[in-house]
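Participant: Sequence and predicted structure are below.
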Amino acid sequence: MARLVMIPLFCMLAASCATDDGKSLLVADGDEALSCPELHQAYKDSKMLGDNAPARRRWLAQLIDRNQCRPLNTTSMRFGVQIILD
């Protein structure tokens, strides 16, 4: 009787572990559809994940690179000063 219960349970366990879509658990549905500002915000928010933060941040960095988003904190200011002495 116990074998009749254990065999189907083992088969279900093996089948659930055998399917792999190549994504980690830290990949959210719809990540690929996020815009650049949304990706940067998700990257900032991923710091709150604790131990899982590095993997999530790597995935978001790959998406930011793939979408060719500009780096978030790059501001360039140019000041032009001309002094004319006559």
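Facilitator: Arrived safely.
Participant: which regions of this protein sit below the pLDDT cut-off?
Facilitator: Within the chain, the set of residues satisfying pLDDT under 70 comprises 1-3, 5, 10-25, 72-76.
Participant: Now do the helices in it.
Facilitator: Counting by DSSP state H, residue ranges of the helices within the chain are 2-18, 36-45, 53-66.
Participant: Which one of the ones you listed lies nearest to V27?
Facilitator: Closest approach to V27 among the helices of the chain is made by helix 53-66 (5.8 Å; CB to CB). Using the backbone N, CA and C atoms, a C-beta is placed for each residue, glycine as well.
Participant: Provide the contact partners of stretch 59-76 at residue level.
Facilitator: S24, L26, V27, D31, E32, L34, C36, L39, H40, A42, Y43, S46 (CB atoms under 8 Å, 6 or more residues apart in numbering).
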